[in-house]
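Student: need coordinates for the following:
(one chain, ligands or ions: 1)
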Amino acid sequence: MAPYSIAIIGVGKIARDEHLPVIAHDPNFRLVGVVSRSGAQVEGAPTFATPAELYAAAPGLDAVAICTPPNVRHRLAREAIDAGKHVLLEKPAAPTLAEIRDLTAHAAERGRVVFAASHSQYHRPVEPARLRLLGRRLARVAIEWTEDVRVWHPGQEWIWEDGNFGVFDSGINALSILAKIAPGPVYVKSAELHYPANRDTPIAASLVLVSPAAEPGAQLTAAFDWRRSGGQTWRVDIDVVDGPRLSLVDGGAKLLVDGRLEATDPTTEYADVYARFAELLARGESVVDSASSQLVADAFRLGERKIVEPFLW
Ligand code: NAP
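Tutor: Presented below is the predicted three-dimensional model:
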C-alpha cells in the first residue's frame, strides 16, 4: 500500500527529537511538508507559513501531526479535519475536556481519524505491567516524576501561559501510564499546586489519588516537580496485595518486578505511536485517551494553590 502522506505542524523540540526521525524511518508514512510560524527548515520537505497554505499546495495530503503547544491544538485540529485531513495530536491533547470531546465528535462526523497519542503509554513495558495488575488490589501507588524544566522545556515560555499545563505537561505522561495499567479507575482526591509568583501555571504538584481497586487506607500519590537539577526521575511504583512490587522506570521504558528487570523498550515509544496511527488510519478508527486529561483537569479543579519563588530561566 502507498504510504500515507503526512505533514508536521509546529517544528519544535518534540517534532525534531521524535516525529521527524520516526517518520523518516517508517515506511507507512511520507513527509510532504511542515508548517512553521518561524520558518523552520526540514531537509526534503517544503515549509509553509500556515496550514491553509499547506492544504492548498498539497490537496492529496492524508494527515497532519500537530506538535505545537496544547493551547492552540483544538483550532488547528478542527481546521485540519475541515480540510479533510486525519490528525495525530501530541499530548496533552487540548486544554479542556470539552475541546477533546469536540474533536472526537467532529472527526467522527467528517469521517476522519483523530489519534490523541499519549506517547508514554506506548513504551513496550507498559502492557506487561497492565497484564500483571489485572484483577489485583492496589496496596500503594507512588509516582515520582521530577525533572529539570530548563533541560526538557528549554526557554519555552508557553509552558507558563494560562491554557497550558505547567508541570502537568510532563506529569500527564505518568498519569497516562497509571490510567492505562491500573486494575480499576483512579480519581483525584486532593492536590497541592505550586505556582511561581511570576507564572500562570504550576512548577510542581502533588496529588492524592483514590481507586475502588485499592485496599482501604492504601496510599496512592503522585509528585511532579520541575525544580530538579541534574538528571530526572520518571517512575511509577505499584505494590499490590499478595504480589510483587512493579516499578515502571525511565518514563515507562523499563519494568522492574521486585527490583529485577523484566521488560525493556528496545526502541523509542514514538515508533509504536506511528505504527498505531497507521493501523488506525487503515481501519478508519479514532483513539483519544482522555483519562489522563480528566485527572489533570480534576487536579486543577481540586488543587490548593500555593505561591512559591518566582521562576526565571
Ligand atoms: P517547542 O519546542 O516549543 O515546540 C513547539 C513548536 O510549536 C514551536 O517551535 C513552534 O514551531 C510551534 N508553536 C509555538 N507556539 C505556537 C503557537 N502559539 N501557535 C502555533 N504554533 C506554535 O515545544 P515541544 O517541547 O516540542 O512541545 C510541544 C508539545 O509536545 C507539547 O505539548 C509537549 O508536551 C509535547 N512533548 C514534548 C516533549 C519534550 O521532550 N519537550 C516530549 C513529548 C511530548 P514553529 O516555529 O515551527 O511554528
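
Student: quick check: residues of the stretch 51-200 of the chain near the ligand?
Tutor: The stretch 51-200 of the chain comes close to the ligand at residues 67-70, 72, 90-91, 119, 152-153, 156, 158, 169, as judged by Cβ under 6 Å from any ligand atom. The way it works is simple: take the backbone N, C-alpha and C, and place the C-beta from them, glycine included.

Student: 5 Å - rerun?
Tutor: Proximity of the stretch 51-200 of the chain to the ligand (Cβ under 5 Å from any ligand atom) is limited to residues 68-70, 72, 90, 156, 169.

Student: for the ligand, what's the nearest residue on this structure?
Tutor: Closest to the ligand within the chain is Gly12: 1.6 Å, counting by Cβ to the nearest ligand atom.

Student: and the residue lying closest to Glu53 once chain neighbours are set aside, bridged to which residues?
Tutor: The spatially closest residue to Glu53, leaving aside those adjacent along the chain, is Val35, at 7.8 Å (Cβ to Cβ, 6 or more residues apart in numbering). Here Val35 sits in beta bridges with Ile9, Phe48, going by DSSP bridges.

Student: which of the residues of the stretch 51-200 of the chain next to the ligand fall in helices?
Tutor: Asp169 (DSSP state H).

Student: show me where the protein has its helices.
Tutor: 13-14, 20-25, 51-57, 73-82, 97-109, 126-133, 149-152, 168-181, 269-283, 291-302.

Student: deepest-packed of those helices, please.
Tutor: Ranked by mean neighbour count under mean count of other Cβ atoms under 10 Å, those are led by helix 168-181, which reaches a mean of 25.

Student: can you show me the CA trace of that helix as PDB?
Tutor: In PDB, the C-alpha atoms belonging to helix 168-181 read as follows (Å, rounded to 0.1, in the frame of the first residue of the first chain):
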ATOM      1  CA  PHE A 168       1.400  18.700  34.200                       C
ATOM      2  CA  ASP A 169       2.800  18.900  30.600                       C
ATOM      3  CA  SER A 170       5.100  16.200  31.700                       C
ATOM      4  CA  GLY A 171       3.200  14.900  34.700                       C
ATOM      5  CA  ILE A 172       0.400  13.800  32.300                       C
ATOM      6  CA  ASN A 173       2.700  11.200  31.000                       C
ATOM      7  CA  ALA A 174       2.800   9.500  34.400                       C
ATOM      8  CA  LEU A 175      -1.000   9.800  34.700                       C
ATOM      9  CA  SER A 176      -1.500   8.300  31.200                       C
ATOM     10  CA  ILE A 177       0.500   5.300  32.300                       C
ATOM     11  CA  LEU A 178      -1.400   4.900  35.500                       C
ATOM     12  CA  ALA A 179      -4.700   5.300  33.800                       C
ATOM     13  CA  LYS A 180      -3.700   2.500  31.400                       C
ATOM     14  CA  ILE A 181      -2.300   0.000  33.800                       C
END
